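Asks: Build me a model:
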Amino acid sequence: MRTLALTAALAVAVLALSPAAAQNRGARTPAAPLACADFNGHANHAWRLANPASAAQPERSRLAELGASAAQKQAALLAAAATSPQNDQEKTLGAFWAAGMDEAGLERQSAAAVQTLLAPLAQLRRPRDLAKVGAAYHALGVAPMAEFVRLEATDGGRRPLAAVPAALGLIDPAFYTTNDAEVRTLLGKYRTYVEAVLRASGLPEAEISPASEAVLQIETQLAQALVGEGPEARSSDTLRAQDRRFIALGFADLLKQLGARSEDLVVVSPAYFATLGQIASTERDTKRLQWYLRFRVLNRFAPELGGTFRSAHGGFFAQILRGLPAAPSRAEHMDTLLRRTLGGLNDAAFNARYAPEARRQRALALAEGVRAAAVEMAGKAGATEDAQRLHAMRFDIAGNGSNTFDANGLEFRADDHVGNLLRYGRWAEGRILADRPLAIDPLPARVPAVQWLTGTDTLAITAAALSPPLLGEAGTAPDAADHGALGALIGHELAKRLTPGNRGAALGPLYNGFQAAPGLRVDGARTLPMNRADLAGLEFAWAAFTKAQPQADANTNKAFFTAWANLWAKTQTTEALRAEVQTSPYAPAAFRVNGPLSQLPAFGETYGCRVGAVMRAANPIGVWR
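Replies: Next up is the predicted model:
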């Protein structure tokens, strides 16, 4: 009976707070619900009224605001780095960004850049010159046929050097080998794109058709080799043996010219390289190979050249292949390029500018306190092994647990975008050949995140997460709001690493009774893991807070709960809410607030709620307390 009463009260309160509902009534602004009846509505009342959802913006939330704020910081960082860099990291970053954003400069430099990119083809006089041309391209900073990577370390600790196929124009080989009518139509449009690139490069009109035909035929042969062999195929042998096996590619001479020291070489997808060698040895006319390499190199750089190249590339890859209404803006393209090439450098600069050491230490103290509470509570509950695992795990706060990106030897010019990419290509390949891995933070610094790093016992908190509403701006030590927001999220993640057994299982039926909208109930079974983690995270964070501030008064305690509620401030259209309820592993925002807090005795005690009220369960569900 109490569950039904709670369900009805929460549903009425949530709907009553809908800004659209308030506007439809056309009357005065509704009063905030009482804390003991609907704490989400009570704590987020003003924000919800000021941020109504609409057809144009079906969802609005405080966490989305945090993401937007982080994006603004990223834009400010790049603008400052391009005009007034504070350190060498920003100087390098700023020059790269400024050159890539200068569209007038790209137009002016396009013809010279194309000439530079095509220069190595002059050496392709006979088919057997393919290896020499490949070496010239690698020296330039381009890998048109084979790229070098380091594989995972072996038992002896060595990271084998491997040659992998350079990506085809249509990256998925299945595009070339499928007989589906729709794919055939797509290939026809791809050929039109190939022709556009070759034409823009200055190839005589009489050669456009046979050249595009040659490109498609060679790419199809290579795609068939890749599909027939599978992505895991590899040949491991000495460099000398691989050089004899793939003689047309000249691996030994290439690595020698690049200054690489390796006695062994793994060839990934050997059928691809065998086919490439066969093409080189059987082609009587080098023109077909020249056309193929001409397109392959210019396709790689098309988004970085003049408007004709960029328009052709965006028209096919963005609008036709991906179905986007338009090609990405220059800023969007550069953002993607930055993440792909200099993500680690960008992270280092973002961390340095927006996560000063004092803020990192405050977040670390908070995380350590919540972890200590979780270890203690899990230990008392008999989960000794789980407690030991939590005790041994690490925190990475704004990259302080990762190696700093080493940009030594990397220099850019603010007026030479293609040149910068070539310099980066040479630099990055040199790092790979010297087995000096690039230190890249697995989570982008400018994305607010609190999550486990895949395959590790490290919980990462990004620099962008060290801001309101997760972490307050002031103070040297974590306060109540810090514990209730970032602290509880840390606790949520720690709880995911514990084995709950049947702890908190009663949350399933409880959430089954929650009605997000008329006729729309929460799925308590599907959302149980996250609901349990929410409650457990609050238990850990509250224990850490009360240990840190045992004499805190009621108002200070209220700041803890308000901070948790503020995290989930959100408005949605009915359609967006319905889609979330039907698919998400999380309960809707209102119930991430009211659900766990109604089961936390400290909340009801702090607000003086009577036992049995909506926000103070008579028989509260616990997970680890």
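Asks: quick one, what contacts Ala43?
Replies: Residues in contact with Ala43 (Cβ atoms under 8 Å, 6 or more residues apart in numbering) are Ala35, Phe561, Thr562, Ala565, Asn566, Ala569, Val593. For the C-beta atoms, the positions are set from N, CA and C on the backbone; glycine is no exception.
Asks: ok, which pair from those is furthest apart?
Replies: Comparing all pairs in these by Cβ to Cβ, the longest separation belongs to Ala35 and Ala569, at 15.2 Å.
Asks: quick one, strands of the stretch 501-625 of the chain?
Replies: Assigned by DSSP state E, counting those that start in this stretch, the strands in the stretch 501-625 of the chain fall at 515-517, 520-521, 570-572.
Asks: ah, wrong one, I meant the chain
Replies: 59-61, 146-150, 161-165, 234-238, 264-268, 394-397, 450-452, 458-461, 515-517, 520-521, 570-572 (DSSP state E).
Asks: need these in a markdown table with mean neighbour count, distance to His45 and mean pLDDT, can you?
Replies: Below are the strands of the chain laid out as a markdown table (neighbours: other Cβ atoms under 10 Å; distance: least, Cβ to Cβ, whole Å; pLDDT from 0 to 100):
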| stretch | mean neighbour count | distance to His45 | mean pLDDT |
| --- | --- | --- | --- |
| strand 59-61 | 18 | 15 | 98 |
| strand 146-150 | 18 | 54 | 94 |
| strand 161-165 | 22 | 56 | 95 |
| strand 234-238 | 16 | 61 | 94 |
| strand 264-268 | 21 | 58 | 95 |
| strand 394-397 | 18 | 33 | 96 |
| strand 450-452 | 16 | 26 | 96 |
| strand 458-461 | 23 | 29 | 96 |
| strand 515-517 | 19 | 18 | 93 |
| strand 520-521 | 16 | 22 | 94 |
| strand 570-572 | 24 | 12 | 98 |
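Asks: now, among the contacts of Ala43, which is nearest to Thr308?
Replies: Looking across the contacts of Ala43 and measuring by Cβ to Cβ, the closest to Thr308 is Ala569, at 47.6 Å.
Asks: Pretty sure that closest one sits against Ala46.
Replies: No: taking contacts as Cβ atoms under 8 Å, Ala569 lies outside contact range of Ala46: 9.5 Å.
Asks: of these two, who's got more company?
Replies: Ala569 (24 against 11; other Cβ atoms under 10 Å).
Asks: contacting residues for the more buried one?
Replies: Ala43, Asn44, Trp47, Arg48, Asn51, Ser61, Arg62, Ala589.
Asks: tell me the domain ranges of the protein?
Replies: 9-68+355-405+440-607, 101-344 (automatic domain parsing).
Asks: Single out the most deeply packed of those domains.
Replies: Mean neighbour count, computed with mean count of other Cβ atoms under 10 Å, is highest for domain 9-68+355-405+440-607 among these, reaching a mean of 19.
Asks: what's the offset of it from the middle of its chain?
Replies: 21 Å (Cα atoms, centre = their mean, to the nearest Å).
Asks: Flag the shaky bits of the chain, pLDDT-wise.
Replies: Applying pLDDT under 70 to the chain picks out residues 1-27, 155-156, 439-441.
Asks: How about the residue of it most remote from its centre, nearest residue that isn't a chain neighbour?
Replies: In the chain, the greatest distance from the average C-alpha position (Cα atoms, centre = their mean) is reached by Arg284, at 46.5 Å. Leaving aside its sequence neighbours, Arg284 sits nearest to Pro127 (Cβ to Cβ, 6 or more residues apart in numbering; 7.7 Å).
Asks: measure the one you found to Ala280 for me?
Replies: 5 Å (Cβ to Cβ, to the nearest Å).
Asks: what is in contact with those two at once?
Replies: Joint contacts of Pro127 and Ala280 (Cβ under 8 Å, 6+ apart) are Ala248, Leu289.
Asks: mind listing the helices for the stretch 301-450 of the chain?
Replies: Applying DSSP state H, counting those that start in this stretch to the stretch 301-450 of the chain gives helices spanning 307-313, 330-354, 357-380, 384-392, 417-433.
Asks: before we move on, back to that, which one of the contacts of Ala569 is nearest to Thr556?
Replies: Checking the contacts of Ala569 one by one against Thr556 (Cβ to Cβ), the nearest turns out to be Ala43, at 15.6 Å.
Asks: What distance do you get for Asn420 to Arg353?
Replies: For Asn420, the distance to Arg353 - Cβ to Cβ - is 22 Å.
Asks: more crowded one of the two?
Replies: Using other Cβ under 10 Å, the more surrounded residue of Asn420 and Arg353 is Asn420, with 25 against 20.
Asks: Give the burial count for the closest residue to the more buried one other than its chain neighbours, as a bare number.
Replies: Sequence neighbours aside, Phe412 is the residue nearest to Asn420 in space, at 4.4 Å (criterion: Cβ to Cβ, 6+ apart). Using other Cβ under 10 Å, Phe412 has 24 other residues around it.
Asks: how about Phe412, what does it touch?
Replies: Thr92, Ala95, Phe96, Ala99, Asn420, Arg423, Tyr424.
Asks: Ala495 too?
Replies: By Cβ under 8 Å, 6+ apart, the neighbours of Ala495 are Ala374, Arg532, Ala533, Ala536, Gly537, Phe540, Val623, Trp624.
Asks: circling back to that earlier point, what about the residue nearest to Asn420, distance to Asp347?
Replies: Applying Cβ to Cβ to Phe412 and Asp347 gives a distance of 17 Å.
Asks: before we move on, what about Asp386?
Replies: 31 Å.
Asks: My guess is Leu498 contacts Ala383. True?
Replies: Yes: contact criterion Cβ under 8 Å: Leu498 and Ala383 qualify, at 6.1 Å.
Asks: Give me the contacts around stretch 294-305.
Replies: With Cβ under 8 Å, 6+ apart, stretch 294-305 has contacts from 100, 106, 110, 113-114, 117-118, 121, 137, 142, 144-145, 166, 169, 194, 197-198, 200-201, 203, 211-212, 215, 309-310, 312-314, 333, 337, 417-418, 421.
Asks: One more pass at 6 Å, please.
Replies: 110, 113, 117, 142, 144, 169, 194, 197, 201, 215, 309-310, 313, 333, 417-418 (Cβ atoms under 6 Å, 6 or more residues apart in numbering).
Asks: Would you check which pair of those lies furthest apart?
Replies: Val215 and His417 (25.2 Å).
Asks: correct me, but Val266 touches Pro160?
Replies: Yes: if you go by Cβ atoms under 6 Å, Val266 and Pro160 touch, sitting 5.0 Å apart.
Asks: which residues are common contacts for these two?
Replies: Joint contacts of Val266 and Pro160 (Cβ under 6 Å, 6+ apart) do not exist.
Asks: Using TSV, lay out the contacts of Phe412 together with distance to Ala79.
Replies: Conversion of the contacts of Phe412 to TSV gives the following (distance: Cβ to Cβ, whole Å):
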residue	distance to Ala79
Thr92	15
Ala95	13
Phe96	13
Ala99	14
Asn420	18
Arg423	23
Tyr424	21
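Asks: Most neighbours among those residues, please name it.
Replies: Phe96 (29 neighbours).
Asks: ok, now which ones touch that residue?
Replies: Applying Cβ under 6 Å, 6+ apart, the residues contacting Phe96 are Phe412, Asn420.
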